[in-house]
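A.B. asks: predicted structure and sequence below. I'll ask about it afterward.
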Amino acid sequence: MRENLHRFFRAARGVGVHVSPAESIDAMRAVAQVGISDRAVLRDALLLTLAKSRDEKLALGDCFDLFFSQPEPRQDQPEADNNDTPQDADRTPSSGAPEGLGPLAQMLLSQDRDTIAAAIASASGAASLSDIRYSTQRGIFSSRILDAMGLQRLRDDLEELTATNPAQAERLRAALDALREAVRDTVSQGLALYAREEAENLRNEILRNAPLARIERRQVAEMRALIRQIARRLRERYSKPRKRQRRGHLDVRRTLRRNAAWGGVPFLTAWKRKHRDRPKIVALCDVSGSVAQVSDFFLLLIHSLHEVVDDVRSFAFSSHLIEVSEILESKSPEEAMSEIMSKVGFGSSDYGSSLVDFEKGFMSSLTPQTTVIVLGDARSNNLDPRADILRRIADRSKRLVWLNPEGRLAWGLGDSEMPRYATFCSVVRQCATAQQLERAVSDIVATYQ
Amino acid sequence: MADQKASTSIEAVESGLAAQGYIASRQIATAVYLSQQIEKPILVEGPAGVGKTELAKAIAAWRGMKMIRLQCYEGLDEAKALYEWKYAKQLLYTQILKDKLGEVLGGAQTLHAALDQLHDFGDVFFSKEFVEPRPLLQALEQPGGCVLLIDEIDKSDAEFESLLLEILSDFQVTIPELGTVSAITPPTVILTSNSERDLGDALKRRCLHLHIGFPEQRLEERIVESRVPGISQTLRRQMVGFIHEIRSLDLKKLPSVSETIDWARVLVLLQAAELDTEIIKDTLNVLLKYEADIEAAAPQVTTFIAKAARSNVFG
């Protein structure tokens, strides 16, 4: 059973439940208490000790059901084989099978489902199926399991039978096909159980470094999930600002007040705390053409940082500019983005007039604590860039960060106004992949810590 | 063999809690049983009013132990949760013992000699006499064990969580001046949280994690039965069915078990024999706490009654 539990922990990690060694010890102790005979109680006990949130409970519950729908590998397989053989030998005359067949052939001919299932399970244990990581490994694991079950011997038997007893051979061949199928199913299930984590990591790694502007439609949903993960990580890192307590200057007023009971003898001291702002962000996003996709993910990320960021106002523009905070807060990402696109998207971008719109309507939203983030390729179709407005924005705000999805080489080529704008920005950085996006946002938030 | 014992003990927990008027689902009973066996705190999460705090009370009453409650709030610190020095008493004693000190130190010629003599006294003013135990320390000092309820842990600051870690894993606290105080009998610790913020992994790791959601219809009927004995069976079925329908709506605050019980009491007081539109509309404010929620639910009342009645026929 212990072996089984270990495999279960592995599967649990696969579905994203964080199982630390300490937790697995707890689970072991809990299982030792409740026993394994009552599956419902066992499930409860594992859910109590391993899963630490509602999502994890759901995931682990599914994993439990999938895992224990497999028959347990039999520990006592060698003995069982020995026991089985004489029985099979007894049965062989009735089924008409000739003597001298291997155990696998006899098992298949006897059509004993439970025995076969148990044999598959124990063979998959021997082939260490729990090490499977990629879908491409399915073939090799299938053949390993079949080998462990004694396929070689079966082949010999089959050849022999074809000569001596063709009907029997036909039956055996059909049974072998069924067996292959069963093994394939087992391996697929194993893949679903154990390989999820690894496959996900690999896929995410590729996705993180893929250019956001050119990802395929089917990857958008995955990307959204990835962005959500990034947001979660950033939230965890920055939502609890460490207070710098008991440093700096003595707060005389509060100290006297607190020690009034002791006649002003300062038993307890109160210190002035360093006041720290939480980030206020104003985001201006270009939603024209190729930049739109990047803006989409950027807005999604920024707006899922509630715990970290005090206040976000987002604006979208191509030829003119509108505020989109409300849309993003109230709708699902998909709906919000299509609504924004229908309002301002698909135009040719005009940075000049968009900046004019911003100065006219929203300049007052900038405070000395605000970080302004502009996301765009700064390609203004040779229209007046109005860099003077950008200068005024920079003057009014704490920092002005420009994120450009294009590579540094392209800045200034063609109609790109990047060099002109760059003089007024505190930071200009390339932002084309999820990884770069994460770094950029993380840096912005970190300046407030 | 051991399995047999376990499942009977889980049933024992269930019936023990039921005797105190707390109808526990199997998950809850398993959690209580396990926390006792492997000496781990239980972290209970779930919406408000599903009986998280009640669980601790029921366990305490069932085992005949004292319950010590620590209500968490923002700004709670160790002086209020763990222990505090009795400053006033210390001050008073120094004043009273002033003359005594003069006598003791009288013989000393130099400052060094006086200091040495003072050192010989040890830390009299930082001894157990001057410690004011707060809930956490009190819980460790109960000779017969106790149920320690740390209520609404999510309301406290993140720093406070770290303070709890030592208590939760080893049932001990370290007071710098006194050393480590270990529990005489490990207390049964229940932490509750409304998931207002995510708790730290370190804290979660030390606990059994129990999520109490809204109960199933059958269970809720049993809860109402035990809490409001005066209610008739038909009415009970109807009202619980109705509440389950209400919970399917998208409301600001869904009615939870405590509201169900309140409502049952109200219906008994009003001597309602069965649910109808009139009485529900009059008493909907017991169930729903926001004007907007009441407005959203009111038009649906008739259909919900019908649905609840239909499900009863088959249930």
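C.D. replies: Okay, I see it.

A.B. asks: run through the residues that contact the residue in the stretch 151-300 of chain B that chain A sits nearest to.
C.D. replies: Closest residue of the stretch 151-300 of chain B to chain A, C-beta to the nearest C-beta: residue B:204 (4.2 Å). Bear in mind the C-beta positions are built from the backbone N, C-alpha and C, glycine included. Neighbouring residues of residue B:204 by C-beta atoms under 8 Å, 6 or more residues apart in numbering or on different chains: A:52, A:53, B:43.

A.B. asks: would you state the strands of the stretch 1-150 of chain B in chain order?
C.D. replies: B:42-45, B:66-71, B:83-85, B:131-133, B:146-151 (DSSP state E, counting those that start in this stretch).

A.B. asks: got the contacts of residue B:204 as CSV, with distance to residue B:199 and neighbour count columns?
C.D. replies: Shown next, in CSV, are the contacts of residue B:204 (distance: C-beta to C-beta, whole Å; neighbours: other C-beta atoms under 10 Å in any protein chain shown):
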residue, distance to residue B:199, neighbour count
A:52, 9, 25
A:53, 9, 17
B:43, 7, 25
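
A.B. asks: mind listing what's buried along the helix or strand encompassing the residue of the stretch 151-300 of chain B closest to chain A?
C.D. replies: Element membership of residue B:204 [criterion: DSSP states H and E] is helix B:201-205. Buried residues in helix B:201-205, counted by 16 or more other C-beta atoms under 10 Å in any protein chain shown: B:203, B:204, B:205.

A.B. asks: do stretch A:331-338 as well
C.D. replies: Buried, per 16+ other C-beta under 10 Å, within stretch A:331-338: A:333, A:336, A:337.

A.B. asks: so which of those sits lowest on pLDDT?
C.D. replies: Minimum pLDDT across the buried residues of stretch A:331-338 is recorded for residue A:333, with 77.

A.B. asks: next one: phi and psi at it?
C.D. replies: phi -50, psi -40 (degrees, to the nearest 10).

A.B. asks: look up how far chain B lies from it.
C.D. replies: 19 Å (C-beta to the nearest C-beta, to the nearest Å).

A.B. asks: excluding covalently adjacent residues, which one is nearest to that residue?
C.D. replies: Spatially, and ignoring its direct neighbours in sequence, residue A:333 is nearest to residue A:300 (5.3 Å; C-beta to C-beta, 6 or more residues apart in numbering or on different chains).

A.B. asks: now the element after the helix or strand where that neighbour lies, going C-ward?
C.D. replies: Assigned by DSSP H and E, residue A:300 belongs to helix A:291-303. Downstream of helix A:291-303, the next assigned helix or strand under DSSP H and E is strand A:311-317.

A.B. asks: partner strands of that next one, with direction?
C.D. replies: strand A:280-286 (parallel), strand A:321-323 (antiparallel) (DSSP bridges).

A.B. asks: just the CA coordinates of it, formatted as PDB?
C.D. replies: In PDB, the C-alpha atoms belonging to strand A:311-317 read as follows (Å, rounded to 0.1, in the frame of the first residue of the first chain):
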ATOM      1  CA  ASP A 311      -5.500  51.700  -8.600                       C
ATOM      2  CA  VAL A 312      -5.300  50.900 -12.300                       C
ATOM      3  CA  ARG A 313      -6.800  53.000 -15.000                       C
ATOM      4  CA  SER A 314      -6.400  51.600 -18.500                       C
ATOM      5  CA  PHE A 315      -6.800  53.400 -21.800                       C
ATOM      6  CA  ALA A 316      -6.900  51.900 -25.200                       C
ATOM      7  CA  PHE A 317      -6.100  53.700 -28.500                       C
END
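
A.B. asks: re earlier: which single one of the buried residues of stretch A:331-338 is nearest to residue A:31?
C.D. replies: Closest approach to residue A:31 among the buried residues of stretch A:331-338 (C-beta to C-beta): residue A:333, at 41.2 Å.

A.B. asks: isn't the closest one right up against residue A:223?
C.D. replies: No - counting by C-beta atoms under 8 Å, residue A:333 does not reach residue A:223; the two are 10.6 Å apart.

A.B. asks: in the stretch 151-300 of chain A, which spans are helices?
C.D. replies: Using DSSP state H, counting those that start in this stretch, the helices found in the stretch 151-300 of chain A span residues A:151-164, A:166-194, A:196-208, A:220-238, A:252-258, A:291-303.

A.B. asks: what does the first one rub up against?
C.D. replies: Residues outside helix A:151-164 that contact it (C-beta under 8 Å, 6+ apart): A:98, A:101-105, A:108, A:143, A:168-169, A:172-173, A:176.

A.B. asks: okay, the angle between it and helix A:166-194?
C.D. replies: For helix A:151-164 against helix A:166-194, the angle by axes from the mean of the first three to the mean of the last three C-alpha atoms, to 10 degrees is 160 degrees.

A.B. asks: name the residues of helix A:151-164 that are buried.
C.D. replies: Of the residues in helix A:151-164, A:151, A:154, A:157, A:158, A:161 count as buried by neighbour count, 16+ other C-beta under 10 Å.

A.B. asks: sorry, back to before: okay, the strands paired with strand A:311-317, which one's buried deepest?
C.D. replies: With neighbours taken as mean count of other C-beta atoms under 10 Å in any protein chain shown, the strands paired with strand A:311-317 reach their highest mean count in strand A:280-286, at a mean of 24.

A.B. asks: tell me which residues are up against that one.
C.D. replies: A:291-292, A:295, A:298-299, A:302, A:309-318, A:321, A:349, A:351, A:354, A:358, A:362, A:365-367, A:369-377, A:397, A:444.
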